[in-house]
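> return atomic coordinates for the entry below.
(one chain, ligands or ions: 2)
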Amino acid sequence: MVQSLTHKILEAHLVNGRLGSGEEIGIRIDQTLTQDATGTMAYLQFEAMDIPRVKTDLSVSYVDHNTLQTGFENADDHAFLQSAAARFGVNFSRPGNGICHQVHLERFGKPGKTLLGSDSHTPTGGGIGMLAIGAGGLDVAVAMGGGAFYLPDPKVVRVWLEGKLQDWVSAKDIILELLRRLSVKGGVGKIIEYAGPGVASLTVPERATITNMGAELGATASVFPSDEQTLAFLRAQERAEDWAELKADEDAVYDDEVVIDLATLVPLVAQPHSPDRVIAVNELADIQVNQVAIGSCTNSSYSDLMRVAAILKGKQVHPAVSLVIAPGSRQVLTMLASNGALTDLLDAGARLLESACGPCIGMGQSPSSGAVSVRTFNRNFEGRSGTADAKVYLASPEIAAASALTGHLADPRTLGAAPVIDLPEYFRIDDSMILPPAAEDTNIRRGPNIKPLPLAPALADTLELPVLLKLENNITTDDIMPAGSKILPLRSNIPAISEYVFHKIDPGFTAKARAAGQGMVIAGQNYGQGSSREHAALAPMYLGVRVVLAQGFARIHRANLINFGILPLTFVNEADLSRLAEGVKVKLTGLRAAVLNSEPFALFIEGQAEPIMVQHNLTQRQAEILLAGGLLNVTKNSL
Ligand code: MIC
Ligand code: SF4
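Ligands and ions are numbered 1, 2, ... in the order given. Next up, the predicted model:
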């Protein structure tokens, strides 16, 4: 049977369900990755499962998110993660070694393998032909223990690339063009597969920029074929033996298709405050820029930074602009240092940051009040930079460099001849900051900020709940559970971090939820887009949120709600959202039976005669998780 590349990889890993059935499937996971902001929970959960060592081919624990260490909390988390990695058989990438997705691509990614990561940008691995998926930490913990990963049978969309990019147009513009066409919910429930004659001209780091930001489309994963470009990259990483050729069958059938002629693309930007507010940079009026930030898992590869260095060489950053650069990995940074490009960047006035997520997750470098910041990152949600009224534009490294020089949001095509940067023949290989797991048992180090995991109660048969909050479309997990330098250090302390649930939207939310004891949240479309942070489910659960009723959910967040015992419901008739307001009381009865049944059921609103019809679309597996009050309870009960 002819197959898409996606189906080939899924088929080879299928342990449950049937492809094309439209129902839930379970797949075997070859590799996992965690990062520190979600990893502490993942390893606490793995520990609670009482499995001595991971059962994957490879698991890596990265420290890249919280490296500011403004107090003891981050450093304690690092010590916990290092000792847990040694204990459970996980490789540990030390702080300073780089951003998880960049390092994983360089040193571990393998075409045709599955990768599950506790970070929503795990699909970056699709750039090297992996089926790489982001998930909550608990799902990753289960996969580390050898359990299957369950996902809704995805629709497969082919993006057919034709032609070749023009000078000054880059991989970032390809994914911004897709965001312009499909929006931040256009990829929900889908895997995006790239094909066509345009693919061959894109290097692995360029492909990784595209698959990385597939997360912003809401896609489950994005995947490129594994071809000569993949081999060239792996050879340059001294890993040619990891290569295998992979592509779709000629006549494979897809659920949908998008065609992009690369030659017609122009430099694009995403305007505040959503990655899909895309426009050609030369269509914008003159916009003064205060900050330019280059880095993040989207655009911090060796080639990206070499292009920036070539553009800045011998010139000076505009006096009104603060330019900060965070190279994606120690490999990138040391190569820039040894070939002199780092000096070009510093001579031009760039400020050098550690190889880590940094400003992308609000860990430092918050812009000034009302500032315009141009970033090569993937998310520009309101307030994520740490400055509530800053305006963040997402753009390619070329636009970022041009803007740093001119002081306004600039079209790089005004700069003259474009720099030509080829993939290096060899990357600099030094894995000394990746610690292999210890052979023998080690003690786990646990600082005082590392608190035990809270568990949800089993699902009650009758729930009477006040509506604690009514929200709009596209609410992000940054809205639900903000990050940044003040809150991120509390990721291993649920009681403390729950003080900040919905903080930016409703600073009184936590007090309101506590006073009510339990409650419900209602929302529009695509609720929970963005990060994989399970804290956006775990902390509301801790505060007594039992149900979220929305017009639609983002995939990872919905799975996290179920894993932590919060019932995700949708409207049978979406317009019924208008019948609910903050403060009203609702009642659900016969809930335990309703959850096991796939029929719609009634939600009664105090003071209204007609109930609202709601539905859950849970699989049997998910229904059982909810009845037990979450996946950890199920796992515990089964031990
Ligand atoms: C993000 O980009 O929002 C993060 C921080 O990497 C998150 C993970 C987290 O919240 O820890 C993600 O994308 O999943
Ligand atoms: Fe880190 Fe930003 Fe990438 Fe998230 S999106 S992994 S915070 S660099």
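
> okay, the residue nearest the centre of the chain and ligand 1: tell me how far apart.
In the chain, the centroid-proximal residue (Cα atoms, centre = their mean) is residue 120; its distance is 2.0 Å. Residue 120 sits 4 Å away from ligand 1, going by Cβ to the nearest ligand atom, to the nearest Å. No exception for glycine: its C-beta is placed from N, CA and C like everyone else's.

> and residue 474, by the same measure?
Distance from residue 474 to ligand 1, by Cβ to the nearest ligand atom: 15 Å.

> please apply the same query to residue 118.
Distance, residue 118 to ligand 1, by Cβ to the nearest ligand atom: 7 Å.

> separation between that residue and residue 149?
Per Cβ to Cβ, to the nearest Å, residue 118 is found 12 Å from residue 149.

> more neighbours, those two?
residue 118 (30 against 22; other Cβ atoms under 10 Å).

> contact partners for the more buried one?
32-35, 38-39, 42, 134-137, 139-140, 532, 534 (Cβ atoms under 8 Å, 6 or more residues apart in numbering).

> got it, and residue 633?
455-456, 458, 565.

> which of these are buried?
Listed as buried from the contacts of residue 633 are 455-456, 565; burial here means 16 or more other Cβ atoms under 10 Å.

> which bits of the stretch 51-200 of the chain sit near ligand 1?
Proximity of the stretch 51-200 of the chain to ligand 1 is confined to 65, 119-121, 134 under the rule Cβ under 6 Å from any ligand atom.

> same list, those, but as TSV with distance to residue 231 and secondary structure please.
Shown next, in TSV, are those (distance: Cβ to Cβ, whole Å; DSSP: H, G, I helix; E, B strand; the rest coil):
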residue	distance to residue 231	secondary structure
65	32	coil
119	27	coil
120	29	coil
121	24	coil
134	26	strand
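
> which pLDDT value belongs to residue 472?
For residue 472, the pLDDT comes out at 97.

> how near is the nearest residue in space to it that is not next to it in sequence to residue 128?
Nearest-residue entry for residue 472: residue 524, 5.2 Å, with adjacent residues in sequence omitted and distances by Cβ to Cβ, 6 or more residues apart in numbering. Per Cβ to Cβ, residue 524 is found 36 Å from residue 128.

> more crowded one of these two?
Neighbour count, other Cβ under 10 Å: between residue 524 and residue 128, residue 128 has more, with 33 against 16.

> wait, isn't that one in contact with residue 107?
No - Residue 128 lies out of contact with residue 107 (Cβ atoms under 8 Å); the separation is 11.1 Å.

> hang on, the earlier thing: in strands only, show me the contacts of residue 118.
Taking DSSP state E, the ones among the contacts of residue 118 that sit in strands are 32-35, 134.

> any idea which of the residues you listed is closest to ligand 2?
Proximity of these to ligand 2 (Cβ to the nearest ligand atom) peaks at residue 35, which lies at 6.5 Å.

> that closest one: what's it in contact with?
Listed by Cβ under 8 Å, 6+ apart, the contact partners of residue 35 are 61-65, 100, 117-119.

> can you do 10 Å?
By Cβ atoms under 10 Å, 6 or more residues apart in numbering, the contact set of residue 35 is 42, 60-66, 81, 93, 99-101, 117-119, 121-122, 137, 297, 356-357, 361, 532.

> ok, and which of the buried ones among the contacts of residue 633 reach ligand 2?
Checking the buried ones among the contacts of residue 633 against ligand 2 by Cβ under 6 Å from any ligand atom, not one of them is in range.

> quick one: the helices in the stretch 1-150 of the chain?
With helices called from DSSP state H, counting those that start in this stretch, the stretch 1-150 of the chain shows them at 5-13, 36-49, 72-88, 100-107, 137-144.

> returning to that earlier point: overlap in contacts, residue 118 and residue 149.
32, 135, 139-140, 143.

> picking that back up, narrow the buried ones among the contacts of residue 633 to those in helices?
If you go by DSSP state H, the buried ones among the contacts of residue 633 have nothing in helices.

> now do the nearest residue to residue 219 once chain neighbours are set aside against residue 580, distance only.
Using Cβ to Cβ, 6+ apart and skipping the chain neighbours, the partner closest in space to residue 219 is residue 187 (3.1 Å). Per Cβ to Cβ, residue 187 is found 28 Å from residue 580.

> so the two - more neighbours on which side?
Taking neighbours as other Cβ under 10 Å, residue 187 and residue 580 compare with residue 187 leading, 26 against 19.

> mind checking how far that one is from residue 471?
21 Å.

> cool, and residue 122?
From residue 122 to residue 471 the distance is 26 Å (Cβ to Cβ).
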